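Asks: show me the folded form of this:
(3 chains)
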Amino acid sequence: HAQSVRIHGTADVYVGSMKYAGNERQSRVGSGGMTTSYIGFSGSEDLGNGLKAGFAFGQFFRMDSGAQGRFNGDTTYARDANVSLSGGFGSIKLGRSSAPNFVPSLSANPFGASFGFSPLIVHMNTTTLNSGAFGYQRTTAADTGWSNQVVYSTPVIAGGLTVNLHYQFSNLADAGNSEDEKKNIGISGRYVHGPLMVTGFYEEAELTNPNVAGRTSDWLNAKNWMLGGTWDFEVVKAYLSYGAGEDLRIAGDETETWQVGASIPMGPAGKFLASYAETEFDPSNTVSDRTRKTLTVGYDYALSKRTDIYTIVMHDRFTGTDSGTSYALGIRHNF
Amino acid sequence: HAQSVRIHGTADVYVGSMKYAGNERQSRVGSGGMTTSYIGFSGSEDLGNGLKAGFAFGQFFRMDSGAQGRFNGDTTYARDANVSLSGGFGSIKLGRSSAPNFVPSLSANPFGASFGFSPLIVHMNTTTLNSGAFGYQRTTAADTGWSNQVVYSTPVIAGGLTVNLHYQFSNLADAGNSEDEKKNIGISGRYVHGPLMVTGFYEEAELTNPNVAGRTSDWLNAKNWMLGGTWDFEVVKAYLSYGAGEDLRIAGDETETWQVGASIPMGPAGKFLASYAETEFDPSNTVSDRTRKTLTVGYDYALSKRTDIYTIVMHDRFTGTDSGTSYALGIRHNF
Amino acid sequence: HAQSVRIHGTADVYVGSMKYAGNERQSRVGSGGMTTSYIGFSGSEDLGNGLKAGFAFGQFFRMDSGAQGRFNGDTTYARDANVSLSGGFGSIKLGRSSAPNFVPSLSANPFGASFGFSPLIVHMNTTTLNSGAFGYQRTTAADTGWSNQVVYSTPVIAGGLTVNLHYQFSNLADAGNSEDEKKNIGISGRYVHGPLMVTGFYEEAELTNPNVAGRTSDWLNAKNWMLGGTWDFEVVKAYLSYGAGEDLRIAGDETETWQVGASIPMGPAGKFLASYAETEFDPSNTVSDRTRKTLTVGYDYALSKRTDIYTIVMHDRFTGTDSGTSYALGIRHNF
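Replies: Take a look at the predicted model:
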């Protein structure tokens, strides 16, 4: 029995001096400088006739305090909690799993899913910037994971393409605002051919995550898309992405984000990483536009296949507030 | 060391359109259509002389959002958290473990411990029905697991009988209402002989679970019993149960529940399941009696020994409110 | 992959009749009579050149109710959540791990890290005593584990000495009270030579744990130290410790604690244990001094290398309130 479960995860921790635009400086031990720390339990079973059943559930945690989740109030298995059936038809996954935006955005920038330092991920998914007087919000409001979800993924088609269709139920009964009909929907895809990888997503979100807020009005009403890609020139791997979002609750609230990056191998174990993202905010018709500009450079050194150390410098600017520079030195261990 | 721990669990998730009596319809991805999803860690050690030490702790979780527990506020290891010593004398178990009502009720109906769809379990243990104006409450108020518990189980005696004695401490100091003396007590048993299985329980509960509420008055004061059994005719396995409960806080608050069910093998991997439960509520002397009637039929198909898919239709009625029909299609994977 | 993770832990549960000084008597199933129950996931990887990477995270839980943590509000991985790099230079550990006080105090008394019954640990780390009218508080206020921590440990030097340097960041941004500069610092050590073990710590704490309270004033400002040791005479192992603390928030708030103990082997599997601790409280210049005196005796019998049973009697006195005697019978299983 025991052998049907695989335990795996990432323990990533750093010492840093952090200052996002508009914030006070903060010295800290931080969790997940490169990858959000987690422990996962998963497994799969061969059912015969090319069919497979699989399950995965994964718990994020913070290595500074030992608290579970990415933030207080996160669900225990916010990383994933799903069962899947896969075969020649592709796969169907039921439960909590990645939102359409997640895999495309992490694979279109050289810092991957770094919620602390990847300019693209920071702009899309975090509320790190002190937004007090500035009306800033992350551009992609529906989280990187969706609860109550059904995902259909195609097999690899057209010589390298995979497409995923996402549908999130509200799991709410109607309490007078058609809560039962609220939903998140999206599509994401990835195409790989030789040195080229192209990826993208489109999503429409009415539901917050990981917990769906049962609001009687003021539902989320956001649309987001992104197109990105990488080309591996071997001496350098180039990254590029462009995306846009709007929140239809607020007339004229639109954002545009582009990002460019590079990963340059330095000997057999080292990599120099750089990424720059710029987001234009048009928060409403009555306030003037604002721009967030974030540049991150880093050096990552693999001590083994499972363990690497990294050092990162990030510079973050936002219209009308003071800019900030952050520094970090960390270690990431996969198990 | 590592081999002393067994990791196991169930990942059970469905897509359903749910409507219990009195509720609004709700489309959803749900968790635990047949078995409440959980992950467990357990093990045992041979101590020699026929003695064994064992431990078990198990965490329920919801596969829709990835949240831990059966509900918000449930304890992390609400399924079990105990150490046991067993030998020729039977076994002693200390910690959190099953209440007297749990194993008898799940084994006396064909849908087992399905908190969403088993008519018997739904009546006894859930508050799914919209009880606003109707004073409905689950008939068995003290939870299916008891904290702070000592359980003594006999070995198999009399050619097939096992009896369990349950005692739950309040774990409270006296704060003026003899809180220290509050307790839950119960007995449960099971007799197996050829095609026959008979089971039953009796319990008296003053303590809520999984957390004991330290109330200064209005303690729970409930008595419950059930007798049930199955007969395996091979072409059909028949299920039958009858039980009653009363809540002594409220004069005349009594319930009676009977249930009948069947499980019919359909080829080597399929099973047709049906169960009907009816509960009479006599909520107090001043309001008239009410009846809940729930019928569930389902088909379960084993893809392997560890994985099955199921489809279920449930019809739920309650005096004085509108009835509801629910539909579900799900997959259950044991690991 | 799976073999890179080791799962281990302790399941310790007892039945007891508890009465600390000043408290009402409480009959209970309790968790962690000898060792706080936990489950841990850890592993290490050889990186070559004498370097090793390691990770550890461990979750305390309570076997009475199945709740996580040592208390409500504890973090999920409060036992440890860290990554380490070790080699000829010693080791660096980042994340949540033991405070300076923890290992010295548990190794200088015969009841180890028993938070329920070790007189030394009870005085230093628990708030079991009903402190209503008496101004009692645990002498070591900054918890036995520190979050946001960097620990440097020397290799074994000078024929048996290990020294650990501890630094805890506040992980807070400046909100007007120099919150960013608040910290906990400390040093701990251990020297082993033949039958002798000497251990000690010194710590200065401004931060609460496991969660740093972001208070605008009234920061913790505590200093603590302890020196302890054991001598193994074989027919008896003797334990001795002396330490003191002060809380600089309150003028004159000082404590002194001494403890003496013994562990006497009784045959191949049994041990008689005794420990007495006395703490003088000088809570402020305006109230008179108070003394807490706690004596615990116990008998521990090993059923195997991994499982033992124990029985304990504890007598607890505090100036100006009624004394209490507690009794426990428990089982501890390591996995």
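Asks: for the closest residue to chain C within the stretch 151-300 of chain A, give me its contacts.
Replies: When scored by Cβ to the nearest Cβ, the stretch 151-300 of chain A has residue A:269 as its residue closest to chain C, at 11.2 Å. C-betas here are computed from N, CA, C, even on glycine. By Cβ atoms under 8 Å, 6 or more residues apart in numbering or on different chains, the contact list for residue A:269 reads A:301-303.
Asks: give me the number of residues near residue A:304?
Replies: 15 (other Cβ atoms under 10 Å in any protein chain shown).
Asks: correct me, but it touches residue C:53?
Replies: Yes. Contact between residue A:304 and residue C:53 holds when scored by Cβ atoms under 8 Å: they sit 7.5 Å apart.
Asks: list residues touching both of these two?
Replies: By Cβ under 8 Å, 6+ apart, the residues touching both residue A:304 and residue C:53 are C:45, C:47.
Asks: any idea how far residue A:120 is from residue A:208?
Replies: Separation of residue A:208 from residue A:120 (Cβ to Cβ, to the nearest Å): 22 Å.
Asks: neighbour count winner among these two?
Replies: Ranked by neighbour count (other Cβ under 10 Å), residue A:208 and residue A:120 place residue A:120 first, with 32 against 17.
Asks: in three-state terms, label that one for me.
Replies: For residue A:120, the assignment made with DSSP: H, G, I helix; E, B strand; the rest coil gives helix.
Asks: residues contacting it?
Replies: A:105, A:108-109, A:111, A:241, A:257, A:259, A:261, A:275, A:277.
Asks: separation between it and residue A:266?
Replies: From residue A:120 over to residue A:266 (counting by Cβ to Cβ), the distance is 22 Å.
Asks: quick revisit: which of the contacts of residue A:269 has the largest number of neighbours?
Replies: Neighbour-wise, these (other Cβ under 10 Å) top out at residue A:303, 19 neighbours.
Asks: nearest to chain C: which residue in chain A?
Replies: Counting by Cβ to the nearest Cβ, chain A gets nearest chain C through residue A:66, at 3.4 Å.
Asks: list the contacts for that residue?
Replies: C:57, C:75-81, C:95-96, C:145, C:147, C:210.
Asks: please apply the same query to residue A:276.
Replies: A:119, A:259-261, A:293-296.
Asks: and it, what are its bridge partners?
Replies: Applying DSSP bridges to residue A:276 gives these bridge partners: residue A:260, residue A:295.
Asks: which SSE is residue A:55 in?
Replies: strand A:51-60 (DSSP states H and E).
Asks: just how off-centre is the helix or strand following that strand within its chain?
Replies: Going down the chain from strand A:51-60, the next helix or strand is strand A:80-87, by DSSP H and E. Mean C-alpha position of strand A:80-87 versus that of the full chain (Cα atoms, centre = their mean, to the nearest Å) differs by 20 Å.
Asks: and strand A:80-87, which strands flank it?
Replies: Short version: by DSSP bridges, strand A:80-87 pairs with strand A:51-60 (antiparallel), strand A:90-98 (antiparallel).
Asks: output those in JSON lines, with mean pLDDT and distance to residue B:201 appended to each entry.
Replies: Shown next, in JSON lines, are the strands paired with strand A:80-87 (pLDDT from 0 to 100; distance: least, Cβ to Cβ, whole Å):
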{"stretch": "strand A:51-60", "mean pLDDT": "97", "distance to residue B:201": "32"}
{"stretch": "strand A:90-98", "mean pLDDT": "98", "distance to residue B:201": "33"}
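Asks: could you dump those strands to CSV with mean neighbour count?
Replies: Below are the strands paired with strand A:80-87 laid out as CSV (neighbours: other Cβ atoms under 10 Å in any protein chain shown):
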stretch, mean neighbour count
strand A:51-60, 23
strand A:90-98, 23
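Asks: residue B:40: which of these is closest?
Replies: strand A:51-60 (13.0 Å; Cβ to Cβ).
Asks: for that closest one, what is the distance to the chain centroid?
Replies: 19 Å.
Asks: what of stretch A:16-35?
Replies: For stretch A:16-35 - counting by Cα atoms, centre = their mean - the centre lies 18 Å from the chain centre.
Asks: one more: stretch A:288-297?
Replies: With Cα atoms, centre = their mean, you get 18 Å for stretch A:288-297.
Asks: ranges for the helices of the stretch 101-250 of chain A?
Replies: A:102-107, A:119-125 (DSSP state H, counting those that start in this stretch).
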